[in-house]
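Novice: quick one, fold the following:
(chains A and B)
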Amino acid sequence: MSKKVGARVTLMLGASLAVIGLVISGSALGGASQSCDTVTLNEQAWTGSTANTYVAKYVLEEELGCAVKITKITEIPVFQAMADGKVDAVLEDWNHVDQYQQFVTKQKSVVLVRSNGLVGHIGWFIPKYLLKQYPSFKTWKGLKGKESVFKSPESGSQGMFLGGDPSYVQKDKELIELLGLDFKHVTVGAEPAEVARFTQQIKQRKPVIFYWWTPQYLNASLNLTEVKLPPRFKGCQDDASAGGGVKKYKCAYAADPLNKLLSKEFVQSGSPAVKVLRNFKWSNADQNLVAKWIAGDKMKPDAAAEKWAKANKAKVNSWLK
Amino acid sequence: MTTLVADSVVAAPVVVHRPWWRGKMVQTGVIVALMYLAYRAWRLEYPWPVSLTWNTLPVHLDDFQTWLLDQRNAENPSFVFAIFDAFATFVDNLVAWFNRLLLWLTWVGTTVTGIVVALRFGGWRAAAWVGTAFAAVALMGLWEESMQTVALMLAAVGLSLLVGIPLGVVAGLSNRFMKAITPVLDAMQIVPAFAYLMPVVILFSVGPGAAVVSTMIYAIPPAVRITALGIRGVASNTVEAATSLGSTRGQLLAKVQLPLSRRMILLGVNQTILFALSMVVIAGLIGGGGLGDVVTSGLYSDPALAILAGVAIVILAMALDRSTEAVADRTDPARHHLSDEGRRRLHVMSVALAVGVVAAVVIAKALGAAAIYPETASAQGRLLARIQGWLDYVTDPANFVFKITEPVGNFIFVQFFQPLQEFLVQAPWVTTVLGLTAIAFIVSGLRPAITTLVMLVWIGVMGMWEPAMNTFSQVLVATVITVLIGVVLGIWAAESNTVSRALRPVNDVLQTMPQLVYIIPFVYLMPISGVPGIVASVLYAFPVVVRLVERGVRDVAPDTVEAASAFGATRRQVLMKVKIPLASDAIMLGVNQGIIMVLAVVVIGGLVGSEGLGYLVAIGLQRGEFGIGVVASLAILALGIALDRVTQATRRAREERVA
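Specialist: Numbers count the residues shown, from 1 in each chain, chains lettered A, B, ... in the order given. Below you'll find the predicted structure:
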């Protein structure tokens, strides 16, 4: 009996709350903004993406009066999200060729906008202090015969090469073999785990060589230098998981302009935000700076974006044209 | 003298004397020695043959995904997709509605409502837990994200129960259905979520709907299993009595079986909530939002924030766990009988509390309380600085912590993990398949041995031999450490209430804290591939072993213990000669569950440097290698089934002997 009374009271309570809730939701729908409406930007896990997403958000909100929503959907599923019109734009995409084929070329549900101004470049990096003792480490040839400098309990007598995040483009196992280097390629996991591995070595001023890239905000504080790999040639490729002849990988990684993605639905909506996001362009240095404010100096992303936008009026204005 | 007595008391599980060479340990040892000789002789010479591999399987799976994508995004998609769309939209709206409701109530109103509901149905302790949780997330400055997570959980748990409890009732009534559904439930719990995120996204798009679906896949099994257990647990004479009085099947279920298993069903609700909360981070990857997002982006840009959000998840989980447990205890008909007076009081209390809630909301709104607890009034900044300070200290290689952990990690790697890994990966495949099958036969019998053989061959045929053996070596090392820690702590906790009480929050934290949050600091502490992954598995799995062992040792019949002590056995003798042998079933159950839990976090290992199946599953999602991800997940499932059957059969064999 008591249960029933209790249930009835909760039911009544629930019902009254439901009614109130519906009233609220109804009233919330009434006052949407006229000119720009809502724009949904997708932010990726890395800090650089936080930087460019929040700068775009600031500009769209301040200059166009848009309401910007930020989602955080991971790299591959976000393509389907754009096809469904649930995400309007991604401002930094690292050349997901298979997905371009499916969504941009075949389905035409996602619009690829080449170059956001950033140039992504992957390479083999070492801390600068190593060059003092081993100046020859500037190029891969100088590593030959001295691989054991990088040895660890994990690699035995070989040198240890810390590989990249499994989700990133890479060909280091193949490169090591093609260049005839005595390195053991060690898998270190996702980006934060890789950062943990090499910062631990660097803090102890030990030798370390690893897969790394730019733009990355940590580069500003870490003092790294890149090992020169063989020059690129025509048909030279970077993604070992794509398969094919192994010879194609014997070259440095390309310097690839990174791309923006817009959903087709958004492009066709006629929103003034489309033009601004198409124009959006900044440099590696810009992105690293804002990312450093956020991750290094623990500034709130909104505040960091505002600070940058106010200091770079000219750049912002060029997007608005 | 006393030993003799103790021995005779526990005669049952002690095996009769056998010639030494027939002992299982010796037989297993011989097999391992033979495998080792084969490894020394033909190392690296016989990897799994390409001719026995179904190479095109991942390609077919990729083609299937492309086909599905084409169908999904066609001009006129099939009406089937409309059904998925409708469901996703429904859940999206449901979550959004919960979210708006929590915001509309204002932070004051939400807190009051939560506390009052807990007070009415769970009592003071439950109310205190809920109040603490709200206060904590407010102080952490994570109010908005926490409410998003709560809204998502309300929908995910509600829908999981809506599906899980009816299925559990059917499974409780029908043995055939139970048999049919068990492997499906096993698969839902062992197959890593990373493998099915992409299909979920294709069918349900992204957002709360998709997040809820992927959460449901993991959270439904406990609801089904525990409900079935509850229905089956209703005493058979009660059921018979009701039947003989002429109850129909419907009446029997509605008036006898369901009410009597109510406590069990509520415990199922409790487990469903905890399982659902453990999916928060993964659900965040496909648009779940809330605390999961804070954890993911925190890992890259602000580890202290990731930890803070992890703690918020733990606190929500503990509050929900304790309050649903209190509700379950209260509704236990055996313990709780109300007089008419009591009922009337409860009635009055309900009305008073309902009025209180409405009044609180009205007053809060009138005074202009904010929808979310203002972040500026929180201690987030100070908390983050404190956590960062600890992190900096712990991860600084100049400190003594690192001076201990680094050599320990290296030791585990060089002495155990690497040799075992090389042995399993590089030995001729035939001797490994036959050897492991023989060991399965020795320790648990013919049927598990056949299962093991079939699963190993299936793994090889799928082209996953090498990564699977790599994963198997991680699982072995992790299981040994897990069982060692779990058994020791479990026995200790059974002997000492203080230890038991002290362990409970530790267990809660380890079970509900997203693994990535605490595993990244471990990469700093033990910077050697494979080891952080093993640590993640151990930390996730050992609490379960502790709990099962503790319960087993505590449940040893008190008169047996009394008898032994009456004959003068010391406390140590009682423990070693009576309690532990009698609790060996529970300990084996602990081993079994421990292995399954270790497998469940293999993917986390893949994210912190372990190679093998977990790594491939992670790549599957993150690089869009759908086929490989699915095949690797199937291999994890195959490995899990074999290990589960072998360890379960060992337990069953023991049980039979004891009986």
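Novice: from here on, contacts and neighbour counts on C-alpha atoms
Specialist: Fine.
Novice: pull up the residues of the stretch 351-500 of chain B that are close to chain A.
Specialist: Taking C-alpha under 8 Å from any C-alpha of the partner chain as the contact definition, the stretch 351-500 of chain B meets chain A at B:351, B:354, B:395-398, B:410, B:413-414.
Novice: shaky segments in chain B?
Specialist: Where chain B drops to pLDDT under 70, the residues are B:1-22, B:332-338, B:651-659.
Novice: in it, which residue sits closest to chain A?
Specialist: Proximity of chain B to chain A (C-alpha to the nearest C-alpha) peaks at residue B:609, 3.8 Å away.
Novice: next, count neighbours for residue B:80.
Specialist: Residue B:80 has 10 neighbouring residues, counting by other C-alpha atoms under 10 Å in any protein chain shown.
Novice: wait, a strand at it?
Specialist: No: under DSSP: H, G, I helix; E, B strand; the rest coil, residue B:80 sits outside any strand and is assigned helix.
Novice: which phi and psi does the residue of chain B closest to chain A have?
Specialist: Phi and psi for residue B:609, reported as degrees, to the nearest 10, are phi 110, psi 0.
Novice: pull the number of nearby residues for it.
Specialist: When neighbours are counted by other C-alpha under 10 Å, residue B:609 registers 31.
Novice: with the one 4 residues further on instead?
Specialist: A total of 30 residues lie near residue B:613 under the criterion other C-alpha under 10 Å.
Novice: so who does it touch?
Specialist: Shown in contact with residue B:613 (C-alpha atoms under 8 Å, 6 or more residues apart in numbering or on different chains): B:464, B:467-468, B:470-471, B:602-603, B:606, B:632-633, B:635-636.
Novice: three-state assignment of residue A:69?
Specialist: Here residue A:69 is recorded as strand under three-state DSSP.
Novice: tell me where the stretch 101-250 of chain B has helices.
Specialist: B:106-122, B:124-139, B:143-173, B:175-190, B:193-204, B:208-233, B:236-244, B:249-251 (DSSP state H, counting those that start in this stretch).
Novice: now stretch B:242-252 - C-alpha only, PDB.
Specialist: Written as PDB, here are the backbone C-alpha positions of stretch B:242-252 (Å, rounded to 0.1, in the frame of the first residue of the first chain):
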ATOM      1  CA  ALA B 242       1.300 -20.700  -4.900                       C
ATOM      2  CA  THR B 243       0.700 -23.100  -7.800                       C
ATOM      3  CA  SER B 244      -1.100 -25.600  -5.600                       C
ATOM      4  CA  LEU B 245      -3.400 -22.800  -4.500                       C
ATOM      5  CA  GLY B 246      -4.400 -22.400  -8.100                       C
ATOM      6  CA  SER B 247      -2.300 -19.400  -9.200                       C
ATOM      7  CA  THR B 248      -2.000 -19.000 -12.900                       C
ATOM      8  CA  ARG B 249       1.400 -18.400 -14.400                       C
ATOM      9  CA  GLY B 250       0.700 -14.700 -14.700                       C
ATOM     10  CA  GLN B 251      -0.500 -14.500 -11.100                       C
ATOM     11  CA  LEU B 252       2.500 -16.500 -10.000                       C
END
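Novice: point out the residues in the stretch 51-200 of chain B that sit beside chain A.
Specialist: B:66, B:70, B:73-74, B:97, B:100-101, B:104, B:198.
Novice: give me the buried subset of those.
Specialist: Buried by 16 or more other C-alpha atoms under 10 Å in any protein chain shown: B:70, B:73, B:97, B:100-101, B:104, B:198, out of these.
Novice: re earlier: can you redo the contacts of residue B:613 as JSON lines with distance to residue B:431, secondary structure and neighbour count?
Specialist: Listed next are the contacts of residue B:613 as JSON lines, based on distance: C-alpha to C-alpha, whole Å; DSSP: H, G, I helix; E, B strand; the rest coil; neighbours: other C-alpha atoms under 10 Å in any protein chain shown:
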{"residue": "B:464", "distance to residue B:431": "17", "secondary structure": "coil", "neighbour count": "25"}
{"residue": "B:467", "distance to residue B:431": "17", "secondary structure": "helix", "neighbour count": "22"}
{"residue": "B:468", "distance to residue B:431": "16", "secondary structure": "helix", "neighbour count": "25"}
{"residue": "B:470", "distance to residue B:431": "16", "secondary structure": "helix", "neighbour count": "26"}
{"residue": "B:471", "distance to residue B:431": "18", "secondary structure": "helix", "neighbour count": "28"}
{"residue": "B:602", "distance to residue B:431": "25", "secondary structure": "helix", "neighbour count": "27"}
{"residue": "B:603", "distance to residue B:431": "28", "secondary structure": "helix", "neighbour count": "27"}
{"residue": "B:606", "distance to residue B:431": "27", "secondary structure": "helix", "neighbour count": "28"}
{"residue": "B:632", "distance to residue B:431": "23", "secondary structure": "helix", "neighbour count": "29"}
{"residue": "B:633", "distance to residue B:431": "25", "secondary structure": "helix", "neighbour count": "27"}
{"residue": "B:635", "distance to residue B:431": "19", "secondary structure": "helix", "neighbour count": "26"}
{"residue": "B:636", "distance to residue B:431": "21", "secondary structure": "helix", "neighbour count": "29"}
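Novice: residue A:141 should be in a helix, yeah?
Specialist: Yes: counting by three-state DSSP, residue A:141 falls inside a helix.
Novice: what about it, neighbour count?
Specialist: Residue A:141 sits with 17 neighbouring residues when counted by other C-alpha under 10 Å.
Novice: go on, residue A:312?
Specialist: Neighbouring residues of residue A:312 were enumerated by other C-alpha under 10 Å; the total is 12.
Novice: next helix or strand past whichever strand in chain A runs longest?
Specialist: Longest strand in chain A, counting residues (DSSP state E): strand A:119-127. Where DSSP states H and E defines the elements, the next helix or strand beyond strand A:119-127 is helix A:129-133.
Novice: what mean pLDDT does that next one have?
Specialist: Across helix A:129-133, pLDDT averages out at 94.
Novice: what's the spacing between that helix and its chain's center?
Specialist: 30 Å (C-alpha atoms, centre = their mean, to the nearest Å).
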